[in-house]
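Engineer: Turn this into a structure:
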Amino acid sequence: MPNFRATVRFHDVPGPDVLTARKTLEERIQTSGLGHWRVVDIVKEGATRRSANAAAARWRTDRDIAGKLMIMGAAVWAVWFFWILAD
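Structural biologist: Next up, the predicted model:
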């Protein structure tokens, strides 16, 4: 018999905060007798989700900052080196 993977979305998971809602959902799924499962993410209703493009844009920004810091460090080192050389 073949195995299948299913993606299920639950709406209206009760709880005062995300951790309590996650625990409640996990307990209910476990008592239902389903096989292997995993809760991937719980998001507050009405909250905006970050897309994969936002993560890629943040990575590019971090990479640009690192490059600028390296250039700044090289420039400071060059000034220090020539200052010592001039003495």
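Engineer: Low-confidence stretches in the protein?
Structural biologist: Along the chain, segments meeting pLDDT under 70 span 46-62.
Engineer: swap the cut-off to 50 and go again
Structural biologist: The model of the chain has no residue with pLDDT under 50.
Engineer: Figure out the helix or strand that Ser79 lives in.
Structural biologist: In this structure residue 79 is Val, not Ser. Element membership for Val79 (DSSP states H and E) is helix 52-86.
Engineer: just Gly15 next, same as before
Structural biologist: Going by DSSP H and E, Gly15 is not part of any helix or strand.
Engineer: dump the residue contacts of it.
Structural biologist: With contact set as Cβ atoms under 8 Å, 6 or more residues apart in numbering, Gly15 has these partners: 21-24. C-beta coordinates here come from the backbone N, C-alpha and C atoms, glycine included.
Engineer: distance of it from Thr24?
Structural biologist: Distance from Gly15 to Thr24, counting by Cβ to Cβ, to the nearest Å: 6 Å.
Engineer: Over to Val76?
Structural biologist: For Val76 relative to Thr24 (Cβ to Cβ), the value is 55 Å.
Engineer: More neighbours: the two, which one.
Structural biologist: Thr24 (14 against 10; other Cβ atoms under 10 Å).
Engineer: wait, the more buried one sits on Asp12?
Structural biologist: No - using Cβ atoms under 8 Å, Thr24 is not in contact with Asp12; the gap is 11.5 Å.
Engineer: Ile29: neighbour count?
Structural biologist: Neighbours of Ile29 under the rule other Cβ under 10 Å: 15.
Engineer: count of residues packed around the closest residue to it other than its chain neighbours?
Structural biologist: Excluding the flanking residues, the one nearest Ile29 by Cβ to Cβ, 6 or more residues apart in numbering is Trp37, at 5.7 Å. Using other Cβ under 10 Å, Trp37 has 12 other residues around it.
Engineer: Using the three-state scheme, assign Trp37.
Structural biologist: Three-state call for Trp37 (DSSP: H, G, I helix; E, B strand; the rest coil): coil.
Engineer: same thing with Val40?
Structural biologist: coil.
Engineer: So it versus Glu26, what's the distance?
Structural biologist: In terms of Cβ to Cβ, Val40 sits 12 Å off from Glu26.
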